[in-house]
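In: attaching a predicted model along with its sequence, questions to come.
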2 protein chains.
Amino acid sequence: MPALKNHKIVLASRPVGEPKPTDFRLVEEPLGEPGPGQVLLRTLWLSLDPYMRGRMSAAKSYADPLEIGQVMTGGAVSKVVASNNPAFSVGDIVVGNTGWQEHAVSDGNGLRKVDPAAPISTAVGILGMPGMTAYTGLLNIGQPKPGETLVVAAASGAVGAIVGQIGKLKGCRVVAIAGGPDKVRYITEELGFDVGLDHRAPDFAEQLRAAVPNGIDIYFENVGGHVWDAVFPLLNKFARIPVCGLIAHYNDIEPRQGIDHLPILMRSILSNRLTLRGYIVHDFADQQQDFLRDVSGWLKAGKIKYREDIVHGLEKAPEALIGLLKGRNFGKLLVKVAEAN
Amino acid sequence: MPALKNHKIVLASRPVGEPKPTDFRLVEEPLGEPGPGQVLLRTLWLSLDPYMRGRMSAAKSYADPLEIGQVMTGGAVSKVVASNNPAFSVGDIVVGNTGWQEHAVSDGNGLRKVDPAAPISTAVGILGMPGMTAYTGLLNIGQPKPGETLVVAAASGAVGAIVGQIGKLKGCRVVAIAGGPDKVRYITEELGFDVGLDHRAPDFAEQLRAAVPNGIDIYFENVGGHVWDAVFPLLNKFARIPVCGLIAHYNDIEPRQGIDHLPILMRSILSNRLTLRGYIVHDFADQQQDFLRDVSGWLKAGKIKYREDIVHGLEKAPEALIGLLKGRNFGKLLVKVAEAN
């Protein structure tokens, strides 16, 4: 019997601007054996998320950068195929940050068994990191109140779609922004947001102004760029801005030139008593049980929906991530790496 | 007996950039009589504060702009010289927002009797709006913890000096910034801040970097401009930035050109999970009793100091405000309008 192989995708070079396929490399290696206390996992679903772009750069962000040659980081749903750890049995479905690879060896730290009541892919989606990112940022920083106007960008995406739906459940008027008519139709007709706007429209800023006659109380920021530029003048006094992501800037090479908007922002923070607060989901790790209870409850009750955009095969992950950074995905982007059985 | 006269200073024209003396006008008018329920006040101390520049502009800030010809707004300590209001007796010392004038008629709304235990000028200083601005912004937004590094700008000024001293009482290491060697000497030798830096030094940014080997946990922003530019790269993860004032920008005419620092700030807010929050003292009006109890207690116990910069005569107020906006004052700027007795 031939030795079993693992395939993984590593960082080949640091992208300058947009990542290129050659910034990634598919590597074959012998499959490791689980040591004492370890488990061997077969990856079923790999999650692709915008934050991965940051890890590819040398600049230290909220996490250390990847090294060249290191396996790309990523959350995944996996099946336990061998176990020397009494906490996990062969056949268990688990979620953890095991990276872009077909198999992973883990000592169990950071692994969590997946609730079989929902499709297992939700463990890296609505019931996983993106869902908890939406839930914690909106509730802790956004603090939505009935009747307030919530603006959410990337509203068909993994985080934005959940932010908007929780906003609706909390009684907000939700003005949602997405790229292109299909996504706009989805967020209004399927997700039930009050207004859907296409940020690619030449008159987007005017459309947004018309859509928020009472101004903006909460802006869930996961985009930046021209969307933030349009939102910013419409913010109400005491508006809250959870800063969750800035996908429009992840591929920036040179700083933007022209008017320096920083003093303008600072003056608005002062006169309008804005709160801008950046966060990542781990900052609210102690709220995981609340999150799982609430969002799985809403999901079971049919009060919240999700949409997946699935690509097949680990080798497709680089191209899919490149597309994600351009807004080409439509829903939570997942790579189906292997069948569950 | 000739009719009594009132003198007041009104907004004559809206400044373009720095206010000029001709933007103000001294007006003489007959002295009004208090009507039913009203009191007649004689102004003793007029407070001059940076926010007044904002009221002179047409742009709506947190308060409505002044109209041309309207009396300049301002807090003042006054003596009741006639009263048709049972809540106030002749001879009472009160504080209220009665403006740049020798006398004011008031229905008593917004007037508060001054505690005679401290010098009455403190009612518009350390025990008044500037003190409460410092107290509420630092404690609610800055949330100082022992061992943290607090950077405060305009640290010899009415607000900054109190921020720094409360920071010391809360166990912070206080790195204080002021303009010129006399002020730097004062904030270190008199106020006991750990480090004093002159923001006019050509190598100010390097000096600041060297002064905060553990980074900056709290930056109390009341300046903006090149001080904020120097502070910003040194902020720690989870740093808090109460945005209280931006005196460096109040006279701005045109937006700054060059690199647009806004996306850079937004990325830092995200990666470092910063909290920037603008406020004015009225947002924390319900904390007035806590403030008066704590700060007057510290004052009586000799744990906190203040310094006043006094000009004499209402007619000197315009020139003094113009100087304040250039950092020419040294301590809380007051106009002594009349003797108390």
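Out: All right, it came through fine. Residues are numbered from 1 along each chain as shown, chains lettered A, B, ... in the order given.
In: mind showing which ranges of the stretch 1-150 of chain A have poor pLDDT?
Out: Scanning the stretch 1-150 of chain A for pLDDT under 70 picks out A:1-3, A:60-62.
In: could you redo the last one with a cut-off of 90?
Out: Scanning the stretch 1-150 of chain A for pLDDT under 90 picks out A:1-4, A:16-17, A:32-33, A:54, A:57-65, A:115-118.
In: what are the ranges of the helices in it?
Out: Listed in chain order, the helices of the stretch 1-150 of chain A (DSSP state H, counting those that start in this stretch) span A:51-56, A:129-136.
In: can you dump the C-alpha atoms of the first one in CSV for me?
Out: Output in CSV follows, covering the C-alpha atoms of helix A:51-56 (Å, rounded to 0.1, in the frame of the first residue of the first chain):
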residue,chain,number,x,y,z
TYR,A,51,-9.0,38.5,6.8
MET,A,52,-6.7,36.0,5.1
ARG,A,53,-5.4,38.7,2.9
GLY,A,54,-3.9,40.4,5.9
ARG,A,55,-2.1,37.4,7.0
MET,A,56,-0.3,37.2,3.7
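In: distance to chain B and mean neighbour count for the helices of the stretch 1-150 of chain A - can I get that in JSON lines?
Out: Backbone N, C-alpha and C define where each C-beta goes, glycine included. Below are the helices of the stretch 1-150 of chain A laid out as JSON lines (distance: least, C-beta to the nearest C-beta, whole Å; neighbours: other C-beta atoms under 10 Å in any protein chain shown):
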{"stretch": "helix A:51-56", "distance to chain B": "8", "mean neighbour count": "20"}
{"stretch": "helix A:129-136", "distance to chain B": "12", "mean neighbour count": "26"}
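In: stretch A:72-92 and chain B in contact?
Out: No - no part of stretch A:72-92 sits near chain B under the criterion C-beta under 8 Å from any C-beta of the partner chain; the closest distance found is 15.7 Å.
In: okay, that stretch in CSV with CA atoms only?
Out: Output of stretch A:72-92 as CSV, limited to C-alpha atoms (Å, rounded to 0.1, in the frame of the first residue of the first chain):
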residue,chain,number,x,y,z
MET,A,72,-2.4,29.2,4.6
THR,A,73,-4.4,29.9,7.7
GLY,A,74,-8.1,29.2,7.8
GLY,A,75,-11.1,27.7,9.7
ALA,A,76,-12.3,24.3,8.6
VAL,A,77,-14.8,21.7,9.4
SER,A,78,-13.2,18.3,9.6
LYS,A,79,-13.8,14.7,10.4
VAL,A,80,-11.7,12.8,13.0
VAL,A,81,-10.1,9.9,11.1
ALA,A,82,-7.7,8.7,13.8
SER,A,83,-7.6,9.7,17.5
ASN,A,84,-5.2,9.3,20.3
ASN,A,85,-7.1,11.9,22.3
PRO,A,86,-9.9,10.7,24.6
ALA,A,87,-11.9,13.9,23.9
PHE,A,88,-12.4,13.0,20.3
SER,A,89,-13.6,9.8,18.6
VAL,A,90,-13.2,8.6,15.0
GLY,A,91,-16.1,10.0,13.1
ASP,A,92,-16.6,13.1,15.1
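In: residues from the stretch 151-300 of chain A in reach of chain B?
Out: A:221, A:224-225, A:228, A:237, A:243-246, A:249, A:252, A:255-280, A:283.
In: and the residues you listed, which are buried?
Out: The neighbour-count criterion (16 or more other C-beta atoms under 10 Å in any protein chain shown) marks A:221, A:224-225, A:228, A:243-246, A:249, A:256, A:260-280, A:283 among those as buried.
In: which parts of chain A belong to which domain?
Out: Chain A breaks down into these domains under automatic domain parsing: A:5-125+A:307-336, A:130-284.
In: can you get me a residue count around A:Ser57?
Out: Neighbourhood size, A:Ser57 [other C-beta atoms under 10 Å in any protein chain shown]: 16.
In: quick check: it vs B:Ile269, distance?
Out: Distance of A:Ser57 to B:Ile269, given as C-beta to C-beta, to the nearest Å: 17 Å.
In: same question, A:Glu206
Out: Plainly put, A:Glu206 is 27 Å away from B:Ile269 if you go by C-beta to C-beta.
In: would TSV of the domains of chain A with distance to B:Leu127 be doable?
Out: Compiled in TSV, the domains of chain A are given as follows (distance: least, C-beta to C-beta, whole Å):
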stretch	distance to B:Leu127
domain A:5-125+A:307-336	42
domain A:130-284	24
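In: deepest in the core, which of the ones you listed is it.
Out: Highest mean neighbour count among those (mean count of other C-beta atoms under 10 Å in any protein chain shown): domain A:130-284, with a mean of 21.
In: for that one, how far is the first residue from the last?
Out: 13 Å (C-alpha to C-alpha, to the nearest Å).
In: and for stretch A:68-79?
Out: 28 Å.
In: same thing with stretch A:221-230?
Out: First-to-last residue span, stretch A:221-230, C-alpha to C-alpha: 12 Å.
In: with stretch A:332-341 instead?
Out: Using C-alpha to C-alpha, the end-to-end distance of stretch A:332-341 comes out at 23 Å.
In: swap in stretch A:320-339?
Out: Where stretch A:320-339 begins and where it ends lie 19 Å apart, using C-alpha to C-alpha.
In: show me how far it is from its chain's centre.
Out: 11 Å (C-alpha atoms, centre = their mean, to the nearest Å).
In: one more: stretch A:285-293?
Out: Worked out by C-alpha atoms, centre = their mean, stretch A:285-293 lies 17 Å from the chain centre.
In: same question for stretch A:68-77.
Out: For stretch A:68-77, the distance to the chain centre is 15 Å (C-alpha atoms, centre = their mean).
In: so where is the stretch 201-341 of chain A shaky, pLDDT-wise?
Out: Within the stretch 201-341 of chain A, the stretches with pLDDT under 90 are A:223-225, A:245-264, A:327, A:340-341.
In: break down it into its helices, ranges please.
Out: Shown for the stretch 201-341 of chain A, the helices assigned by DSSP H, counting those that start in this stretch span residues A:204-211, A:225-231, A:262-271, A:288-300, A:317-324.
In: got those helices as CSV, with distance to B:Asp107 columns?
Out: Below are these laid out as CSV (distance: least, C-beta to C-beta, whole Å):
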stretch, distance to B:Asp107
helix A:204-211, 40
helix A:225-231, 42
helix A:262-271, 29
helix A:288-300, 50
helix A:317-324, 62
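In: and of those helices, who's closest to A:Thr98?
Out: Shortest separation from A:Thr98 across the helices of the stretch 201-341 of chain A is recorded for helix A:317-324, at 13.3 Å, computed as C-beta to C-beta.
In: what residues does the closest one touch?
Out: Contact with helix A:317-324 is made by A:9, A:18-21, A:23-24, A:46, A:48-50, A:52-53, A:72, A:100, A:311, A:329, A:333, A:335, as judged by C-beta atoms under 8 Å, 6 or more residues apart in numbering or on different chains.
In: can you give me how far it is from the chain middle?
Out: Mean-position distance between helix A:317-324 and its chain equals 14 Å (C-alpha atoms, centre = their mean).
In: briefly note if stretch A:6-25 comes near chain B.
Out: No - using C-beta under 8 Å from any C-beta, stretch A:6-25 stays clear of chain B, coming no nearer than 14.5 Å.
In: run through who's touching that stretch.
Out: A:26-32, A:53, A:56-58, A:66-72, A:99-103, A:251-253, A:314-315, A:317-319, A:321-322, A:325-326.
In: then that stretch to CSV, C-alphas only?
Out: Written as CSV, here are the backbone C-alpha positions of stretch A:6-25 (Å, rounded to 0.1, in the frame of the first residue of the first chain):
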residue,chain,number,x,y,z
ASN,A,6,-1.4,15.2,2.3
HIS,A,7,-2.0,18.2,0.1
LYS,A,8,-1.8,21.7,1.4
ILE,A,9,-1.6,25.2,0.0
VAL,A,10,1.2,27.4,1.4
LEU,A,11,2.1,31.0,1.0
ALA,A,12,4.6,31.2,-1.9
SER,A,13,5.2,34.9,-1.9
ARG,A,14,3.8,38.0,-0.4
PRO,A,15,1.3,39.7,-2.7
VAL,A,16,1.9,43.2,-3.9
GLY,A,17,-1.7,44.6,-4.2
GLU,A,18,-4.1,41.9,-5.4
PRO,A,19,-2.9,38.4,-4.7
LYS,A,20,-2.0,36.4,-7.8
PRO,A,21,-2.2,32.6,-8.2
THR,A,22,1.6,32.4,-8.0
ASP,A,23,1.5,33.8,-4.5
PHE,A,24,0.2,30.4,-3.5
ARG,A,25,1.7,26.9,-3.9
